[in-house]
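**Student:** Generate coordinates for the sequence data below:
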Amino acid sequence: MNFLGIIPEISGNISQWGDFGISVMFQGIFWDIVAELDVSPYRTRQGEYCCSLCVDAYENGYAEEKPIYYSSRKELWIQHCYEPFLKWANDNLNSSHCLCLQEIEGGGITWAKIKTLEEAKKPRSVVGNL
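**Tutor:** Take a look at the predicted model:
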């Protein structure tokens with residue numbers, strides 16, 4: 001999916017599981033993923049829903065915040081993926097940001113980052129303002 005009013009090099013995808021991925025294609029080449037919001041729905045014995053990735057991260061000491069449990073799978077998707085995506089889009093896909101592309105000399109390794117115009121003082125390639 002493309003974003004209305006945003007340069008066509010940035011596109012989004014929603015998987016069948018509800019994950020969001022925002023990627024960059026430049027001159028027909030996949031460049032990078034600039035945002036990814038994952039969810040792995042899990043239903044507890046009590047009938048609540050949570051993200052099993054968050055539970056695992058918390059239980060293994062990789063996350064400090066306790067996982068949040070929701071009353072429905074829909075609520076999990078809305079609160080865990082859709083609303084954070086909306087915040088990310090509002091914070092990053094606007095005219096005060098630009099898409100910066102970099103590549104290792106000789107090619108083969110590429111990366112992309114959305115930066116504020118101030119942060120993007122010396123990028124190797126700026127596709128354009130968002």
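**Student:** Please count neighbours and contacts with C-alpha atoms only from this point.
**Tutor:** Will do.
**Student:** Show me the shaky parts of this structure.
**Tutor:** Within the chain, the segments meeting pLDDT under 70 span 18, 122-130.
**Student:** which one's the longest helix in it?
**Tutor:** Determined from DSSP state H, the single longest helix within the chain is helix 83-92.
**Student:** That one packs against which elements?
**Tutor:** The helices and strands touching helix 83-92, judged by 3 or more CA pairs under 8 Å, 6 or more residues apart in numbering; DSSP states H and E, number zero.
**Student:** got the buried residues for it?
**Tutor:** By 16 or more other CA atoms under 10 Å, the buried positions in helix 83-92 come out as F85, N92.
**Student:** residues in contact with that helix?
**Tutor:** F20, L37, I114, K115 (CA atoms under 8 Å, 6 or more residues apart in numbering).
**Student:** so where do the helices sit in this protein?
**Tutor:** Using DSSP H, helices in the chain cover 52-59, 73-77, 83-92.
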